[in-house]
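[1] what follows is a predicted protein model with its sequence.
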6 protein chains.
Amino acid sequence: VSIEETASNIKDMEIRGAGKIARCAVIALKEHALNIDADTPELYLKALGEGSAELKNTRPTAVSLSNALSHVMHKARGETIDEIKDNLVKAVDDFVETSIGAIERIATIGSHRIADGDVILTHCNSTAAIRTIVKAHEDGKQIRVYATETRPRHQGYITARALAEKGVPVMLIVDAAVRFFMQKVDIVIIGADTVASNGVVINKIGTSQVALAASEARVPVLVCAEGYKFSRETAMGRIVEIEERNPSEIVDITEFEGLDVEVKNPVFDQTPPRYIDSIVTELGVISPFAAYEVIRKFEEESKDV
Amino acid sequence: VSIEETASNIKDMEIRGAGKIARCAVIALKEHALNIDADTPELYLKALGEGSAELKNTRPTAVSLSNALSHVMHKARGETIDEIKDNLVKAVDDFVETSIGAIERIATIGSHRIADGDVILTHCNSTAAIRTIVKAHEDGKQIRVYATETRPRHQGYITARALAEKGVPVMLIVDAAVRFFMQKVDIVIIGADTVASNGVVINKIGTSQVALAASEARVPVLVCAEGYKFSRETAMGRIVEIEERNPSEIVDITEFEGLDVEVKNPVFDQTPPRYIDSIVTELGVISPFAAYEVIRKFEEESKDV
Amino acid sequence: VSIEETASNIKDMEIRGAGKIARCAVIALKEHALNIDADTPELYLKALGEGSAELKNTRPTAVSLSNALSHVMHKARGETIDEIKDNLVKAVDDFVETSIGAIERIATIGSHRIADGDVILTHCNSTAAIRTIVKAHEDGKQIRVYATETRPRHQGYITARALAEKGVPVMLIVDAAVRFFMQKVDIVIIGADTVASNGVVINKIGTSQVALAASEARVPVLVCAEGYKFSRETAMGRIVEIEERNPSEIVDITEFEGLDVEVKNPVFDQTPPRYIDSIVTELGVISPFAAYEVIRKFEEESKDV
Amino acid sequence: VSIEETASNIKDMEIRGAGKIARCAVIALKEHALNIDADTPELYLKALGEGSAELKNTRPTAVSLSNALSHVMHKARGETIDEIKDNLVKAVDDFVETSIGAIERIATIGSHRIADGDVILTHCNSTAAIRTIVKAHEDGKQIRVYATETRPRHQGYITARALAEKGVPVMLIVDAAVRFFMQKVDIVIIGADTVASNGVVINKIGTSQVALAASEARVPVLVCAEGYKFSRETAMGRIVEIEERNPSEIVDITEFEGLDVEVKNPVFDQTPPRYIDSIVTELGVISPFAAYEVIRKFEEESKDV
Amino acid sequence: VSIEETASNIKDMEIRGAGKIARCAVIALKEHALNIDADTPELYLKALGEGSAELKNTRPTAVSLSNALSHVMHKARGETIDEIKDNLVKAVDDFVETSIGAIERIATIGSHRIADGDVILTHCNSTAAIRTIVKAHEDGKQIRVYATETRPRHQGYITARALAEKGVPVMLIVDAAVRFFMQKVDIVIIGADTVASNGVVINKIGTSQVALAASEARVPVLVCAEGYKFSRETAMGRIVEIEERNPSEIVDITEFEGLDVEVKNPVFDQTPPRYIDSIVTELGVISPFAAYEVIRKFEEESKDV
Amino acid sequence: VSIEETASNIKDMEIRGAGKIARCAVIALKEHALNIDADTPELYLKALGEGSAELKNTRPTAVSLSNALSHVMHKARGETIDEIKDNLVKAVDDFVETSIGAIERIATIGSHRIADGDVILTHCNSTAAIRTIVKAHEDGKQIRVYATETRPRHQGYITARALAEKGVPVMLIVDAAVRFFMQKVDIVIIGADTVASNGVVINKIGTSQVALAASEARVPVLVCAEGYKFSRETAMGRIVEIEERNPSEIVDITEFEGLDVEVKNPVFDQTPPRYIDSIVTELGVISPFAAYEVIRKFEEESKDV
């Protein structure tokens, strides 16, 4: 796939989920790297950088997309074009492998928190959360899942299908019914787009009110988040910009022609750490309040390399 | 309109909103009363009762529907068919007038609670809430309203249009975005399907999480509810049965053919009184915890008559 | 049974539970009334009053004991000894019947709040609460009950037996395990010794922390309380005095001979109304915040008689 | 004293405290009534009304001022000037006596809630609250009081002196130190300017944060409020207007000449009923959530007269 | 003492308290090590491992028991039996010394948090908590302690005696009375069996409701926990298994013969970190939310050795 | 300036604000160092130490004062007087530069958290908080600030002037009005005197109730604190001693001559970390619960030097 196609698929949300976006983006960059026709290493790197930038601009909130591209671009060094190319290809392959390995590790760790007989609630469509739930099912635990439809894009239907195909029974509900069903829920398991240095979790719009309703009913909230979703930039004060997408995702705006009706479509919201029981990363289970330490640990590790 | 048609329109939610349902139902009963062909007062009353029962069965949660029909049937007394008919017609006309008068009175009282410059959030489509908001606008207050789309039936679109047509600017949002926008909201104004004797408000699914998010942000919640929505039966322990409607309102279930995916579609939820600042009734502004007193007061009044 | 015996049985908690104490006390007074050997109505009344006072002094916190005795003594009027005697006997019989009738009515109303499949938690040994639970069982609902042992007197063992004998499965736990099991509980159902005019419920020590743990987990708390447990005196500012019983009920104090170890044995505590969902009385289901109204209503009724 | 003088003293807060303002105002009106020189009853009533209006306009938030004047003006009826005069004088005398009687009754009831050894916190300068505290002291209870200074007018100094002169030890603190000392406090006792129909208590600025800090530390808040402070108008939706007084009460504004510094000086705030344990009125102890019932009860009584 | 005897004493709770169990277990292992009759180092190590396993299996929840045995077994290395024996003996002696040293250090640090005049509440029987309280007493602070009896095994009696023998006045209460007395308490001081990586503290059943009641009344909760109680395994997702002990510890089950009464006897519960003010370790005072960092720090240190 | 003068200015609060105090103190020590007349290095160091001690004793709560003096005294080493002098001078100059650099870095990081149009509330007079607010204004954001007057010393007037002089519009309010205005506030920005190892922030009296009111209304609280305000000593159990200043700062105590009125004037209070969204340090944005890690990080760094 070409950069343009991948960029467009990410923008249109054909490719969804913070982890999947990151992986698809670096793979597209690799494809691009293999096909650049350049005379000098400088020109080669320039073309590579342009490809990376195009991919990066598709979704402003996606910390993992930006982290992944920066990471592989950082490795794309060398004296010759071939050397640069080889390093980038290796970095991309490593990233994809590590990223998928992280999900498996999170699923193994996180599934321990699911007990036999548990009723789970999930929101939107997180690969890490789904994998964690399926792992518990594969371990022989009898579980059932409430999946929210997740307006406006109905990612919940994808989640419902993904779980049911693996044999996990699903009950699909509208987003407004979360509090109604919360008293029957044993644990909430969700993903994250970004984890800020003060423990705030940025995720699909609606996540914060799911977590609020869980907290009101003493239901623990487990966030499954790979390490590259922890945002160094937030530690430097950056506010995670909340992407506003096209109103037409919600409703055909011409229905309100001539009327003072504006449609607001923010895609993410911020969940305060006090509503989150634990974050499961590939490093282990932590309190969201320890997010800054995870960021520091990754910084140290990246220095070592 | 015939009973059958009205019953079907209520069932299909062509006619929506607790107050409007009650009014349409008694009007259909009146129409029916004028057309019953019966030989004796007994047979006349029987036919009337059957019509009332058919209407009553359309929506199990709707206390106001049942209250309204019981009220007018109670007045349908007399020695002759004509006497019964006249009494019923008068009772229906009185009920409709009183019911609409109650809304106006609620709007007048409730609009005092809206200040110039206020940002309001409303959920679903309540005649009393909309009228209260429009009244504040008519009084010259500059206000703006967040309206939730209210899945699955999108009653929020009707609300948006109703407000915008009166000149109130509206921002339409998905149900999942309520907590995201709550910090910009000054007051939440909603209707009620039923008020229970312990102060619990039964209203459209999602209301309780709107109220929870408001409470978390110290935003007052105002419920606009006519007196006939206060349920005597709940004082006798009756749990308000939550209607479950057809899954197809949410999603085409064939999408999940062969998979263990069940769609749950409860229509109402229960909001605890501690999340509600005040209920505005035609009697005045009360705490939801004083619901039992309103019920007693109406009982006394109905005894007097 | 003689007054002395009944008084001693109440003091020793052979007779337990606010309602049962009230009924046994008036029955003992009736027995006493039938056996007083007096020359004049004045002397008869004096002897009667002494009996009543002796019974009243057994448990200082018990509002219902005092209310019951005052009520029947108030009726013990007449020109002759026989007339007084007859009036008292009738008053006692009426009280006992009404009191038992109230429990049945509470059970009927309250059992509507129990759903099929519910897991219930109860504390101590309340006739009204047990009857409510058994009623739900008799109505064919599959329920299970966590019963706390209720230190120091282990009234929970009596509750466990009473429920299990009626066919309700019971899980017995220590008082300290309430929060551990609360997430598996659907509803807490308890009795009351006294309801104060501001909605505070005085009941067996530990009730307030059961209610606190229920509130933390969004589990509703239902209090079953006959009307005569609502305390007019608290409306006049009286603080319900909390009885302190003998340390030996908890531990053989000689174990700590020579050491500065004091044993504290308060019998009741106060549960704030915000932790209580509803109070079920023979009048219906109310919010605890409406307690003052119940008190006024009973006042009006007693004036009418 | 003349109307002008009293009006000016109320405006300047020489006369402070909702109850005292009401009493002084009706006494000034009586003085005025005795000195009006008018030819006809109509002219007499007109002059009386003008006096009443002048007094009423001094403090917009003061419900009790307005209630008191309306009450005595309502009684000022008659065929002749003398008859009107006599009725007004009697109404004023009755009001003053009842008002002072109410305070005594509140003090008696409320003081039962103070235990020997209690540490009390009070804010601003409420006659009913002070009288309640002093009553407990007179009953032999060892108590101590934290009094806030109550910026900007330092009414706390008056409170401190009033209590200390009666022998109650006082610790004076700045308003900002309330939460710091709250853990040593057993009960908060305050007055009220107005009680709204939904239970909200309007009182001196800072009251709501005192109540919030008390609630955070499980310290009960007792509000002492005479019945005429319950506002019928709020039941009709009226928002209690919060008076903004002159910035110069806080700081000499010329200090900030030429700078964009505005001084805001609201005099009252609203305390939500959930932070209030009980309101003590001359009728007894109630939950603030029962405010609407008190309003109704007073309405009934005023109808009877 | 033999392994069998120690294992049996731990199982029967003759030996109680997480720290004491760990110390007694390694001492028993040392005794065992001194007496093993083996021909080869391999056989010696095998016998040692069997002893360790027998001890480890006595209490499933006890992280510190398992940590201690793993630690000393890890040191039991060498070419000859004598070398292995010497290393093990040294490791045991070191562990016991360090463990007791940790308690002293915790007591010194923690006692700074106790002020003169403080009323303390403790639950169960923690050596570190008792030592901290006694240290404050030895430093001349006037303190008093509420000790819960701690059903079913009444460890509170041991605590009461231990404190009183050192001169600290104790008030013994039932577990159900904690919330009743909480408003008179200045600080709660307790031990821990295990601290999980997300800050959850696993301790004797009832601890979590003590902490909940403290939090409700703004009373700080101090947990005294040696570093080896922080569980590395929980960071890997392991849920701390809650041991269920014999029902006969609570009640003679034959009392309920023939009835459907089950006795549940979980020994520990989980206290969420938001109810805990600080954890005192030998490293210093930390927030429970920093538990993961303590685990990492100990990991680093154990790597260094 | 001499040590005496500086010490006196700090004591009298002519020099205020934790950072400014630290800087002025080390500068005074440097001045002192340049003027000591001593025969031997030992005597020189002794005189230096006496100067440092005099400065340290001025404000007991001020961790940063003590940290700063310890830091520069630690560097004051050498074989000869000149060497010692040079090292001290260099250490002082470095400290001042670093300290001011820290504030600029905090302002840059923290200002990202302020959005265009925000209404900010600040309490007391913090250089770091003011600089952060002004930075946002310099970046072109339209902001307005509520500044509390901050009794008893009215530091809020200085804050108001400092902000208004830079062009930031200010609304000055009494401390008691914080909760009244909180619903119009978007973010609270304050400084800190000390940050304890469990995340508690010690700051000007009143800070904790500002933070409580913010938390009640879901308004984030941002604390601006340089790294040297994190207290190593609290990790060792030290309770930050709360300075009590002269009653005459509040009121002329002779007003209450002969009366039992005591004036309490604590200068700081403790804000629990759960009411604080983030702490901005020169290292970045962290959760207050990560305070222990900041302390460790600084410890490591100071070891490296």
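    Done, it's in.

[2] now A:C24: closest residue in space that isn't a chain neighbour?
    Closest residue to A:C24 apart from its sequence neighbours, by CB to CB, 6 or more residues apart in numbering or on different chains: A:I15 at 5.1 Å. In short, each C-beta sits where N, CA and C put it, glycine included.

[3] if I look at that neighbour, what pLDDT would I see?
    With respect to pLDDT, A:I15 has a value of 89.

[4] same question for A:D118.
    97.

[5] likewise A:E301?
    Looking at A:E301, the pLDDT reads 62.

[6] please apply the same query to the one 3 residues further on.
    Turning to A:D304, the model gives it a pLDDT of 45.

[7] just A:E282 next, same as before
    Reported pLDDT for A:E282: 91.

[8] OK, contacts around A:T159?
    A:T159 is in contact with A:T122, A:C124, A:N125, A:I130, A:A147, A:T150, A:V170, counting by CB atoms under 8 Å, 6 or more residues apart in numbering or on different chains.

[9] try A:S66
    Contacts of A:S66 by CB under 8 Å, 6+ apart are A:K56.

[10] so which helix or strand takes in it?
    helix A:63-75 (DSSP states H and E).

[11] averaged pLDDT, the helix or strand just after that helix. What do you get?
    Using DSSP H and E, the helix or strand that follows helix A:63-75 in sequence is helix A:81-111. Average pLDDT, helix A:81-111: 93.

[12] and if you look at stretch A:58-77?
    85.

[13] list the buried residues for it?
    A:58-59, A:61-69, A:71-73, A:75-76 (16 or more other CB atoms under 10 Å in any protein chain shown).

[14] need the CA coordinates for stretch A:20-34. PDB is fine.
    C-alpha atoms of stretch A:20-34 as PDB (Å, rounded to 0.1, in the frame of the first residue of the first chain):
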ATOM      1  CA  LYS A  20      -3.100  -0.600  14.400                       C
ATOM      2  CA  ILE A  21      -2.700   2.900  13.000                       C
ATOM      3  CA  ALA A  22       0.900   3.000  14.300                       C
ATOM      4  CA  ARG A  23       1.700  -0.300  12.700                       C
ATOM      5  CA  CYS A  24       0.100   0.400   9.400                       C
ATOM      6  CA  ALA A  25       1.800   3.800   9.200                       C
ATOM      7  CA  VAL A  26       5.300   2.400   9.700                       C
ATOM      8  CA  ILE A  27       4.600  -0.400   7.200                       C
ATOM      9  CA  ALA A  28       3.500   2.100   4.700                       C
ATOM     10  CA  LEU A  29       6.600   4.100   5.400                       C
ATOM     11  CA  LYS A  30       8.700   1.000   4.800                       C
ATOM     12  CA  GLU A  31       6.900   0.300   1.500                       C
ATOM     13  CA  HIS A  32       7.600   3.900   0.600                       C
ATOM     14  CA  ALA A  33      11.300   3.600   1.600                       C
ATOM     15  CA  LEU A  34      11.700   0.600  -0.700                       C
END
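
[15] on that earlier part again, and the gap between the residue nearest to A:C24 and F:F230?
    43 Å (CB to CB, to the nearest Å).

[16] neighbour count winner among those two?
    Neighbours of A:I15 and F:F230, each counted by other CB atoms under 10 Å in any protein chain shown, are more numerous for F:F230; the result is 28 against 20.

[17] now do the helices in chain A.
    Here chain A has its helices, by DSSP state H, at A:3-11, A:18-35, A:41-56, A:63-75, A:81-111, A:127-138, A:155-165, A:178-182, A:207-216, A:232-235, A:291-304.

[18] need the pLDDT of A:V263.
    97.

[19] now it, which residues is it bridged with?
    Following DSSP bridges, A:V263 is listed with bridge partners B:L172.

[20] from A:F256, how far off is it?
    8 Å.

[21] re earlier: can you name the residues that contact the residue nearest to A:C24?
    A:T6, A:N9, A:I21, A:C24 are the contacts of A:I15 under CB under 8 Å, 6+ apart.

[22] which one of the residues you listed sits in the busiest neighbourhood?
    A:T6 (25 neighbours).

[23] thinking again about what came up before, need the contacts of A:T159 in CSV with neighbour count and distance to chain B, can you?
    Output for the contacts of A:T159, formatted as CSV (neighbours: other CB atoms under 10 Å in any protein chain shown; distance: CB to the nearest CB, whole Å):
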residue, neighbour count, distance to chain B
A:T122, 28, 13
A:C124, 28, 9
A:N125, 24, 14
A:I130, 25, 14
A:A147, 29, 8
A:T150, 24, 7
A:V170, 26, 5
